[in-house]
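Peer 1: Have a look at this prediction, sequence included:
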Amino acid sequence: MIEKKAKRIEIISNGPYVVTGNVPLAKEISVRDKKGVPVEWEILERYPDQEDYDLCRCGASKNKPFCDGSHHAVDFEGRETASRAPFSQVAERYEGAEFDLLDDEELCAGAQFCHRGEGIWELVDAPNDSNARLMAAEIVGNCPTGRLVVCEKGTGKPIEPHFEKSITVLEDPGRKCSGPLWVKGGIPIQSSDGSEYEVRNRATLCRCGKSSNKPFCDGTHISIRFKDDE
């Protein structure tokens, strides 16, 4: 009997993300309201299941989201510079009446879900409003990066959506660009040096090749108008 591989992502030095364990892969777009603020995600496409596959990290592949070896041709420099400190140690805490909010701005990818309504930080300050906690949890759960985490008062327990282990390729039609890879459900990510990043329910990996916080997305795809079809 063939033993199944565990779901995981391995970062290759100056190369692609190697995904093993038959991790489901899909494409999603952010859906905006009449004010132009993202409110939900919509699945556009589900890719055929594969036990193993390589995802482009340099942004130059002609077969995105998959790697086609273009990182060699463009002499991609993919050095990882992201902090290895646990999220709980580096995130700033905002204390509210109904919940607390943890925020690590270094992880921001510009998805803009936090702008919904008057903004997530206004909800923190809402006095004795249980609906504020529900709204905050919904907003934060749609933030793909894991920058923001809503925690219960008293216990400090994170309020997180349930995700199956999967990866989605993000598109932002509102900004006319392609976004990062959304890693869901706590898939281990192994650095090119063999160590592992903190396992988290939500994370976004750069795929334009230009992030200054590799392997994570820092929103640079927006300023360079990164697109899958180019």
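Peer 2: Looks like it came in fine.
Peer 1: Pull out the buried residues from the top helix by length along the chain.
Peer 2: Longest helix in the chain by number of residues, with DSSP state H as the criterion: helix 130-142. Buried residues in helix 130-142, counted by 16 or more other C-beta atoms under 10 Å: Ala132, Arg133, Met135, Ala136, Ala137, Glu138, Ile139, Val140, Gly141, Asn142. From N, CA and C alone the C-beta is placed, and that goes for glycine too.
Peer 1: Now do the same contact list for the residue nearest to the third one when sequence neighbours are not counted.
Peer 2: Put plainly, it is Met135. Closest residue in space to Met135, ignoring its immediate chain neighbours: Leu123 at 5.9 Å, by C-beta to C-beta, 6 or more residues apart in numbering. Shown in contact with Leu123 (C-beta atoms under 8 Å, 6 or more residues apart in numbering): Gly96, Gly117, Ala132, Arg133, Met135, Ala136, Ile139.
Peer 1: how about these, which pair is most distant?
Peer 2: The span of those, defined through C-beta to C-beta, is set by Gly96 and Gly117 at 14.6 Å.
Peer 1: Who has more neighbours out of these two?
Peer 2: The residue with more neighbours, out of Gly96 and Gly117, is Gly96; 20 against 15, by other C-beta atoms under 10 Å.
Peer 1: how far away is the more buried one from Ala132?
Peer 2: For Gly96, the distance to Ala132 equals 8 Å [C-beta to C-beta, to the nearest Å].
Peer 1: How about Glu171?
Peer 2: Distance from Glu171 to Ala132, by C-beta to C-beta: 30 Å.
Peer 1: Same check on Asp52?
Peer 2: 44 Å.
Peer 1: for the buried residues of helix 130-142, which one is nearest Arg8?
Peer 2: After measuring the buried residues of helix 130-142 against Arg8 - C-beta to C-beta - the closest member comes out as Gly141, at 23.3 Å.
Peer 1: If anything else comes up later, I'll come back, but that's it for now.
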